[in-house]
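In: Model the structure of this input:
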Amino acid sequence: MMIEELLDEQHEAIVEVETLCVSFGVQEVLREINLKIPAGQTVALLGESGCGKTVLMKSIIGLVRPTSGHVRFDGEDINELNDRQLSHMRLRFGFVFQNAALFDSMTVGQNVAFPLRQHGRFTDRQIREMVLSRLSEVGLPDKVVFKKPAELSGGMRKRVGLARALIMNPELIMYDEPTTGLDPIMSDVINELIIRTRRRNPVTSIVVTHDMNTARKVADRVVMLLPTPRLENDEPQIIFDGSVAEMDACRDRRVQQFINGEAGERLMELRASQML
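Out: Residues are numbered from 1 along each chain as shown. Presented below is the predicted three-dimensional model:
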């Protein structure tokens, strides 16, 4: 399915990536990425390690500057913004990091409140009410506000990270491997929270993941990248862009290898590359 057919006609694209290329020295990481994400959509970004998923996510928020091409958020070219403008725009983003990235020296309440104290003008009472509200949304009790991250399980830390990401009412949330390191039950809890967040808040989501259960459950749309060394000359890096059902029916062997976890042919490719 063409990208344009995936766009809901009633929603304009809030994220637009146009012919994006990123290289670090002679290493090409992203090649000719074209992607439009309408407001309210949840996109699962898939691909094997080293394919550039995280670099693409960082490019979208302006942490990595493109070698060529453009990234636009809500119509504004990220690369044309100065540092102050970019910092202001990032207030519209929420981030859920792979390892939660909580401040160890702060309590849960202080971690969740951190963006409010850094960028908002709220009273202590308002901050406390907002923190408790967000923690409740991710299924955590009030008493957890006084705990330190080290006292929490991995799943609880992930939920605290989500609460912090939501505290500024972002328009775009980035999830970086949200279920990595969690058992199947807690992984499903996180997946349910991603779905509930979308239902409760008018938010656009990009989920970087290797977990096919997560992709199948939360995504309206799946985008799959291939590492640039595995591409043919001038082949676009996005090898699939469509719904979960279309992904399952895709005849591209590389797509099927990834979603089914088939290592045989890939292992032979790796051995061949080592012999060159």
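
In: same question for stretch 167-187, mean pLDDT?
Out: Averaged across stretch 167-187, pLDDT comes to 91.

In: for it, how far is the first residue from the last?
Out: Across stretch 167-187, the terminal residues are separated by 22 Å (Cα to Cα, to the nearest Å).

In: One more: stretch 54-69?
Out: Span of stretch 54-69 from end to end, Cα to Cα: 17 Å.

In: what residues does that stretch touch?
Out: Identification of contacts with stretch 54-69 by Cβ atoms under 8 Å, 6 or more residues apart in numbering yields 15, 17-23, 29-30, 32-33, 45, 71, 73, 78-79, 81, 86, 89-90, 93, 95, 174, 176, 206, 208, 225. Bear in mind the C-beta positions are built from the backbone N, C-alpha and C, glycine included.

In: what are the ranges of the strands in the stretch 101-250 of the chain?
Out: Using DSSP state E, counting those that start in this stretch, the strands found in the stretch 101-250 of the chain span residues 172-176, 204-208, 221-225, 238-242.

In: Export the first one to PDB, keeping only CA atoms.
Out: Taking only C-alpha atoms (Å, rounded to 0.1, in the frame of the first residue of the first chain), the coordinates of strand 172-176 have been written out as PDB:
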ATOM      1  CA  LEU A 172       3.900  12.900  20.000                       C
ATOM      2  CA  ILE A 173       5.200  10.100  22.200                       C
ATOM      3  CA  MET A 174       8.300   8.100  21.300                       C
ATOM      4  CA  TYR A 175       8.700   4.600  22.800                       C
ATOM      5  CA  ASP A 176      12.200   3.100  22.600                       C
END
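
In: Show me what that strand pairs with in its sheet, parallel or antiparallel.
Out: Strand 172-176 has the following sheet partners, assigned by DSSP bridges: strand 93-96 (parallel), strand 204-208 (parallel).

In: Return the residues in contact with Ile33.
Out: Val17, Thr19, Leu20, Cys21, Leu56, Gly69, Pro236, Gln237, Ile238.

In: Alright, calling it a day.
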